[in-house]
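J.: Only the shape, not the letters, is given here:
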Ligand code: 13P
Ligand code: SF4
């Protein structure tokens, strides 16, 4: 089948099944193109919570589909590629987190959404890169346990007066971007602004003109009068940046900024998922209910 025919069939099946297609900003260009809604982790979880559709086709990675299942238990959540995981999410386990909690009794756990439902279930509140500073600063406590991203944790700690207990997790894709590479690019393009994701190493974030979530980058680059940007996040972001800003130039800071998991989902996979109504991601109630508490507390905090 030709790509155009596959897209048409996907749209037909989406209507027939009363399904909505959500895609993360890192998805392949052609997947973003046919999605009903594209967004960052926060935006997509808000959409998953409020959609009227009976079926959510989640084009992203496993923890995102789990969050959709947690927030919308009455809906069928399809993850076209069940093998699309997140290595950072896999770096923290329930047992490990319980050990850390035991070392710091009474200290609240702030868990980045890039984590399993089971880890969320033993957390106090979730955060995304878009609201992490607000979430942490909304807590009355003097100390926080922050899991699993040590880089995002350090980024937030710089904007908070709380004491942080970190988990030593990181995103292998963002960690591949090195500060010397960025410094060289900045020298080559002195007029360019460097914008990066807080999942990058702190030595990279220190060089940034702006660090924010993926959707935050669209806003920043659209509003900025600058004409050239060096982008420090996964390559999928370039599709919409270039589409929305045809008069501006976007330079990917490194060709290594490709997340293999985010690139797995193809149009064929989406068609297959809608045809067979599988694979389904469903979080069991005993995990879903406590995990929802942590997600709900986060969602209650308004976005800027
Ligand atoms: P955001 O889109 O929320 O910034 O998340 C980045 C990410 O790594 C998702 O896996
Ligand atoms: Fe996980 Fe990083 Fe890929 Fe996001 S970009 S899914 S954090 S490995």
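T.: Looks like it arrived, so ask away. The structure displayed is predicted, hence computed values, not measured ones. Numbers count the residues shown, from 1 in each chain. Ligands and ions are numbered 1, 2, ... in the order given.

J.: Right, and ligand 2 sits closest to which residue of the stretch 201-304 of the chain?
T.: Nearest to ligand 2, among the residues of the stretch 201-304 of the chain, is residue 259, at 3.3 Å (CB to the nearest ligand atom). The way it works is simple: take the backbone N, C-alpha and C, and place the C-beta from them, glycine included.

J.: Just say helix, strand or coil for the nearest residue to that residue once chain neighbours are set aside.
T.: Nearest non-adjacent residue to residue 259, counting by CB to CB, 6 or more residues apart in numbering: residue 173, 4.3 Å away. What DSSP: H, G, I helix; E, B strand; the rest coil gives for residue 173 is helix.

J.: pLDDT value on residue 173, please?
T.: For residue 173, the pLDDT comes out at 98.

J.: Quick one: residues contacting it.
T.: For residue 173, the contact set (CB atoms under 8 Å, 6 or more residues apart in numbering) comprises 199, 234, 256, 257, 258, 259.

J.: likewise residue 196?
T.: By CB under 8 Å, 6+ apart, the neighbours of residue 196 are 177, 182, 204, 205, 207, 208, 210, 211, 231, 232, 233, 253.

J.: From residue 134, how far off is it?
T.: For residue 196, the distance to residue 134 equals 20 Å [CB to CB, to the nearest Å].

J.: so how many other residues sit close to the closest residue to ligand 1 within the stretch 51-200 of the chain?
T.: Across the stretch 51-200 of the chain, no residue is closer to ligand 1 than residue 129, which sits at 4.1 Å (CB to the nearest ligand atom). Neighbourhood size, residue 129 [other CB atoms under 10 Å]: 26.

J.: try residue 263
T.: Residue 263 has 17 neighbours, counted by other CB under 10 Å.

J.: quick one, strands of the stretch 101-250 of the chain?
T.: Ranges of strands in the stretch 101-250 of the chain, per DSSP state E, counting those that start in this stretch, are 109-112, 125-127, 143-147, 163-166, 193-196, 210-211, 228-232, 249-252.

J.: could you dump the ones you listed to a markdown table with mean pLDDT?
T.: Compiled in a markdown table, the strands of the stretch 101-250 of the chain are given as follows (pLDDT from 0 to 100):
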| stretch | mean pLDDT |
| --- | --- |
| strand 109-112 | 98 |
| strand 125-127 | 97 |
| strand 143-147 | 98 |
| strand 163-166 | 98 |
| strand 193-196 | 98 |
| strand 210-211 | 98 |
| strand 228-232 | 98 |
| strand 249-252 | 98 |
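
J.: near ligand 1, which residues of the stretch 51-200 of the chain?
T.: Proximity of the stretch 51-200 of the chain to ligand 1, by CB under 6 Å from any ligand atom, involves residues 86, 114, 128, 129, 130, 171, 197, 199.

J.: Give me the subset of those residues that also touch ligand 2.
T.: Restricting those to those near ligand 2 by CB under 6 Å from any ligand atom leaves 86, 114, 171, 199.

J.: of all these, which two lie farthest apart?
T.: Based on CB to CB, the longest span within those runs between 86 and 199 and measures 10.8 Å.

J.: residues contacting residue 121?
T.: Going by CB under 8 Å, 6+ apart, residue 121 touches 94, 287, 288, 289, 290, 291, 294.

J.: can you put these in a markdown table and add secondary structure and pLDDT?
T.: Shown next, in a markdown table, are the contacts of residue 121 (DSSP: H, G, I helix; E, B strand; the rest coil; pLDDT from 0 to 100):
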| residue | secondary structure | pLDDT |
| --- | --- | --- |
| 94 | helix | 98 |
| 287 | helix | 98 |
| 288 | helix | 98 |
| 289 | helix | 98 |
| 290 | helix | 98 |
| 291 | helix | 98 |
| 294 | helix | 97 |
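
J.: Just the closest of those residues to residue 167, please.
T.: For the contacts of residue 121, the closest approach to residue 167 (CB to CB) belongs to residue 94, at 12.4 Å.

J.: quick one: contacts for the nearest residue to that closest one once chain neighbours are set aside?
T.: Spatially, and ignoring its direct neighbours in sequence, residue 94 is nearest to residue 118 (5.1 Å; CB to CB, 6+ apart). Residue 118 makes contact with 94, 287, 291, according to CB under 8 Å, 6+ apart.

J.: Run a quick neighbour tally on the nearest residue to residue 9 once chain neighbours are set aside.
T.: Excluding its sequence neighbours, the residue lying closest to residue 9 (CB to CB, 6+ apart) is residue 271, at 5.9 Å. When counting by other CB under 10 Å, one arrives at 18 neighbours for residue 271.

J.: next one: the one 3 residues further on
T.: Around residue 274 sit 23 other residues, with neighbours defined as other CB under 10 Å.
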